[in-house]
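Enquirer: Kindly generate the corresponding structure for this input.
(chains A and B)
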Amino acid sequence: DVKVTQSSRYLVKRTGEKVFLECVQDMDHENMFWYRQDPGLGLRLIYFSYDVKMKEKGDIPEGYSVSREKKERFSLILESASTNQTSMYLCASSWGTGRTGELFFGEGSRLTVL
Amino acid sequence: RKEVEQDPGPFNVPEGATVAFNCTYSNSASQSFFWYRQDCRKEPKLLMSVYSSGNEDGRFTAQLNRASQYISLLIRDSKLSDSATYLCVVNTNAGKSTFGDGTTLTVKP
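Expert: Coordinates of the predicted model:
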């Protein structure tokens, strides 16, 4: 089975702190994605990557950056956390560069920024 | 207007009922379509893909109408275990997946 693992299920951070959210997948998928999910707003795409060292902005990239140094790992970085970044963050992966097949999600990281 | 719109519900139905969800999308260049299921406090998981000719998987039937830009999901003989949020997902050829906000279903005994 495909396994997408997010490093932290629950985090509490203070405004202005730097936050790293790590995601690792074990199925050699080319594509990796970061979403955030908020009540009434659904899942919104922050960043995605089709290959190592490659990244593309999604719909809401402001306040975030990403890193993909290895194929299996995709990190989301909040340089200076703010309260409006309190959310559920979901990492996903899929096979096939540029294709849009099934997305496999991690269990999510619930971030609270105080 | 959102790219993908769903009726948020909630839909509350008795066991054994048939329930249908609709989803509309605005990007006529959309290439592929899916329904995902998300249980409370869990991650979304693929329920089924939606093909142009329509497709069925047990009690679940998905339909696509490209001309009217909507997809549907029909659940027959609802079970308690079908209670979840159902997410409509539309993909473009640029590799981007856009999610609807989800429709919440509660099946009651």
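Enquirer: strand partners of the helix or strand of chain B with the lowest mean pLDDT, parallel vs antiparallel please.
Expert: Lowest by mean pLDDT, DSSP states H and E among the helices and strands of chain B is strand B:97-99, with a mean of 89. Strand B:97-99 has these partner strands in its sheet, going by DSSP bridges: strand B:84-91 (antiparallel).
Enquirer: Touching the partner strand from outside, list them.
Expert: The list of residues contacting strand B:84-91 from outside it, by Cβ atoms under 8 Å, 6 or more residues apart in numbering or on different chains, reads A:42-43, A:100, A:103, B:3-4, B:6, B:21, B:23, B:25, B:27, B:30-40, B:44, B:47, B:71, B:73, B:97-100, B:102-105. The way it works is simple: take the backbone N, C-alpha and C, and place the C-beta from them, glycine included.
Enquirer: same thing with stretch B:52-63?
Expert: With Cβ under 8 Å, 6+ apart, stretch B:52-63 has contacts from B:33, B:35, B:47-51, B:64, B:66, B:71-77, B:79.
Enquirer: now, which of those lie close to chain A?
Expert: For chain A, the contacts drawn from the contacts of stretch B:52-63 by Cβ under 8 Å from any Cβ of the partner chain are residue B:49.
Enquirer: Restricted to strands, list the contacts of stretch B:52-63.
Expert: B:33, B:35, B:47, B:48, B:49, B:50, B:64, B:71, B:72, B:73, B:74, B:75 (DSSP state E).
Enquirer: Which strand residues bridge residue B:84?
Expert: residue B:105.
Enquirer: Show me which residues of stretch B:98-105 are buried.
Expert: By neighbour count on 16 or more other Cβ atoms under 10 Å in any protein chain shown, the buried set for stretch B:98-105 is B:98, B:99, B:100, B:101, B:102, B:103, B:104, B:105.
Enquirer: what does it contact?
Expert: Residues contacting stretch B:98-105 (Cβ under 8 Å, 6+ apart): A:35, A:40-45, B:2-11, B:13, B:19, B:21, B:23, B:25, B:27, B:36, B:38, B:44, B:75, B:78, B:82-92.
Enquirer: Repeat the analysis, applying 7 Å as the threshold.
Expert: Contact partners of stretch B:98-105, identified using Cβ atoms under 7 Å, 6 or more residues apart in numbering or on different chains, comprise A:40-43, B:3-11, B:19, B:21, B:23, B:38, B:82-90.
Enquirer: do the same with stretch B:21-30
Expert: B:1, B:3-7, B:69-73, B:86, B:88, B:90-93, B:100, B:103.
Enquirer: Name the nearest residue to residue 32, ignoring sequence neighbours.
Expert: All of this refers to chain A. residue A:74 (3.9 Å; Cβ to Cβ, 6 or more residues apart in numbering or on different chains).
Enquirer: I was after chain B.
Expert: In space, residue B:32 is closest to residue B:91, 4.5 Å off (Cβ to Cβ, 6+ apart).
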